[in-house]
Structure formats: structure tokens, C-alpha cells
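Asker: here is my input, please return the structure:
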Amino acid sequence: MALRKIAQIVPAVRDDIDDLITRRALPTQHISFLDPFLFLNHHGPQVYPAPNHGLPFGPHPHRGFETVTFILKGDLMHSDSGGHESVIKAGGVQWMTAGKGLVHAEVSSQEFLQNGGDLEILQLWVNLPAKLKMTRPAYRGLQKDEIPTYKFDNDKIKVHLAAGEFKNHKGVFQPLTDISLMVMEFSGGAHITIDVPMDRTIFFYVVRGHLKVNGANVGEFHLAKFENEGDQLHIETSQDVVLLFGHAKPFNEPIVSHGPFVMNTREEIMEAFRDYQAGKFE
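Answerer: Here you go, the predicted model:
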């Protein structure tokens with residue numbers, strides 16, 4: 001067993017959307033993607049007044065990948081062309097498979113629009129392999145009490161396990177691909193060692209606080225890219241920390257993206273635009 005070294009530590013880029021504070025952790029000018037992890041927007045943290053206009057993400061299409069959305073504070077109202085609707089509140093997670101094509105909207109609930117309050121949301125895009133890009137769209141939204149939480153190091157560490165496995169525990173979502181995703185909360189003075197096979201890409205974004213991983217300091221709003229050698233992460237904290245952590249086997253396939261579509265070729269992107277304009281998305 002050997003520690004996996006950090007190749008880069010990259011700050012998220014401030015990229016506000018209207019009055020929504022937004023930091024884009026992936027892609028940036030330093031890292032284009034971490035196969036199969038494509039994109040991460042960190043919205044907030046911020047406090048919305050009463051009343052407010054809420055989130056600005058009206059109906060828009062996607063094809064070829066999945067979105068995984070972690071609602072840390074506030075809420076998120078989802079509706080899509082497949083007939084799925086939900087309002088997921090703080091601590092909940094949404095997992096949407098765009099697949100062959102879906103139109104969805106992500107806005108704030110009427111309660112939030114009226115009363116305002118704290119808001120913080122993470123949205124991660126996860127690629128689909130070529131053989132699954134045209135799979136049937138799907139959606140599942142779960143509230144906080146439906147996400148399993150496991151505690152370690154005398155309760156100094158809480159792992160909210162969305163998908164995959166963590167130390168012999170299983171997540172609640174059943175992804176189409178072999179992917180593990182979780183939000184980890186640390187108290188000061190916590191430490192843990194995590195085994196990650198060398199053939200897997202690690203996703204590691206510090207949402208709040210500062211920590212040390214394999215001897216390197218990673219601060220708030222920073223993404224860590226790891227080298228391919230080594231199979232262990234040792235994490236230590238001296239303060240409260242929130243971490244978005246995941247890992248998956250890379251697909252090693254061509255990636256061509258344009259706006260809301262992620263495919264393998266330019267021709268497939270053009271086909272996606274034609275299908276969307278022709279009303280062929282579910």
C-alpha cells in the first residue's frame with residue numbers, strides 16, 4: 001500500500017450566474033476533466049432575501065451524461081420532460097440520467113422564493129460511456145433522511161454515501177457505471193485512511209474548511225488532482241471540513257462537449273442539436 005501523491009491543487013473559478021454566487025471547480029484552465037467526472041459548479045454559500053427570484057435554471061436540455069446534485073442548504077425544485085417532479089431539501093441528493101435526451105428545470109420552491117434563506121448546492125456532471133449515452137432518461141431525488149450516513153473516528157467523521165461503496169458500506173443510488181460518490185463531514189482533529197485502487201480516478205473537492213491529504217494542504221474551494229500511482233489517501237483535519245469525494249474507473253473514450261451535450265464525436269453533437277430542435281427528447 002502506498003500513498004497517492006497530489007499532481008495539482010486548483011482553485012475553483014468565480015463565475016456568478018445572475019445573483020447566484022457560483023464557483024466552477026471543473027473545468028478550469030488548469031484541468032479540463034477528470035475522466036469520467038466532467039463538471040462541477042458550487043453555488044453559494046449565500047443568503048437569499050425574502051422575497052427573491054431563486055435559482056435561474058429554467059428548462060434546458062441534456063444528452064450523454066448524468067447530473068448528481070447535492071443540496072447542502074436551501075432547496076431545489078426539479079421537473080423534467082419525463083414527468084419527474086420533486087422538491088429536495090438540505091441534505092438531499094438528486095441523480096438524473098440524461099441519457100438519450102431530457103429537458104429539465106432546476107429552480108427554487110415557492111416556499112424559498114417567498115421566505116428566502118441559506119442556499120448552497122453542488123452539481124456534478126458524470127460522463128456516460130458510449131454504450132450508455134443513448135440510454136433511457138431517469139431521475140431519482142432523495143431527502144436527507146434517505147441518504148445513509150456512516151460515522152468513523154469516534155463520530156468525528158460523517159460519510160453521507162450517495163453511491164458506490166465506502167469501507168464495506170453501500171450507497172443508496174444504483175449508478176449505471178462503477179462510481180462512488182459521497183459528502184464527508186469532518187470535525188477538527190479527525191483522521192482517516194481511504195483505499196482507492198490505482199486504476200480509478202479520484203474526485204476530491206473541498207467545500208468548506210482546510211485539510212491535509214497525504215501530507216499536502218488543500219483549502220476551501222479547491223480541487224485536488226491525484227497522480228495515478230498509489231492506492232491510499234490519508235486525510236487529517238484541524239478544523240471542521242466538508243468534502244465532496246468520489247472515485248470511478250475512467251472510460252478512456254473521446255469526449256466532445258458543446259453546451260448541454262456531451263458525446264464522443266462532433267457528428268453526435270450535431271445530431272443532438274437536431275433531435276432537440278425536432279422535439280425528439282423525452
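
Asker: return the residues in contact with the residue nearest the centre of the chain.
Answerer: In the chain, the centroid-proximal residue (Cα atoms, centre = their mean) is Leu124; its distance is 2.7 Å. By Cβ atoms under 8 Å, 6 or more residues apart in numbering, Leu124 lies in contact with Phe37, Phe39, Leu40, Thr67, Val68, Thr69, Phe70, Leu181, Phe203, Leu244, Gly246. For every residue, glycine as well, the C-beta is placed using N, CA and C.

Asker: go with 7 Å
Answerer: Phe37, Phe39, Leu40, Val68 (Cβ atoms under 7 Å, 6 or more residues apart in numbering).

Asker: farthest-separated two in the residues you listed?
Answerer: Spatially, the most separated pair among the contacts of Leu124 is Phe39 and Val68, at 10.6 Å (Cβ to Cβ).

Asker: can you tell me the closest non-neighbouring residue to His210?
Answerer: For His210, ignoring the flanking residues on the chain, the nearest one in space by Cβ to Cβ, 6 or more residues apart in numbering is Gly219 at 4.8 Å.

Asker: which pLDDT value belongs to the residue nearest to the centre of the chain?
Answerer: Reading off the confidence values, Leu124 has pLDDT 98.

Asker: what residues are bridge-paired with it?
Answerer: Partner residues in beta bridges with Leu124, using DSSP bridges, are Leu40, Val68.

Asker: and the lengthiest helix in the chain, what other elements does it pack with?
Answerer: Of all the segments assigned as helix in the chain under DSSP state H, the longest by residue count is helix 266-277. In terms of contacts (3 or more Cβ pairs under 7 Å, 6 or more residues apart in numbering; DSSP states H and E), helix 266-277 is packed against strand 256-258, strand 261-263.

Asker: centre of the chain versus whichever helix or strand Val207 is part of, how much separation?
Answerer: With elements delineated by DSSP states H and E, Val207 resides in strand 201-208, which encompasses its position. Using Cα atoms, centre = their mean, to the nearest Å, the mean C-alpha position of strand 201-208 is found 9 Å from that of the whole chain.

Asker: then stretch 5-21?
Answerer: For stretch 5-21, the separation from the chain centroid amounts to 13 Å (computed by Cα atoms, centre = their mean).

Asker: what do you get for stretch 113-131?
Answerer: Shown here is stretch 113-131, whose average C-alpha point lies 7 Å from the average C-alpha point of the whole chain (Cα atoms, centre = their mean).

Asker: again, but for stretch 4-24
Answerer: Averaging C-alpha positions (Cα atoms, centre = their mean) puts stretch 4-24 13 Å from its chain's average.

Asker: and the gap between the residue lying closest to Leu113 once chain neighbours are set aside and His84?
Answerer: Nearest-residue entry for Leu113: Gly54, 4.9 Å, with adjacent residues in sequence omitted and distances by Cβ to Cβ, 6+ apart. Distance of Gly54 to His84, computed by Cβ to Cβ, to the nearest Å: 19 Å.

Asker: ok, those two, which is more surrounded?
Answerer: Each of Gly54 and His84 has its neighbours counted (other Cβ atoms under 10 Å); Gly54 has more, 22 against 17.

Asker: the more buried one: what's it in contact with?
Answerer: Taking Cβ under 7 Å, 6+ apart, one finds Val107, Ser108, Phe112, Leu113 in contact with Gly54.
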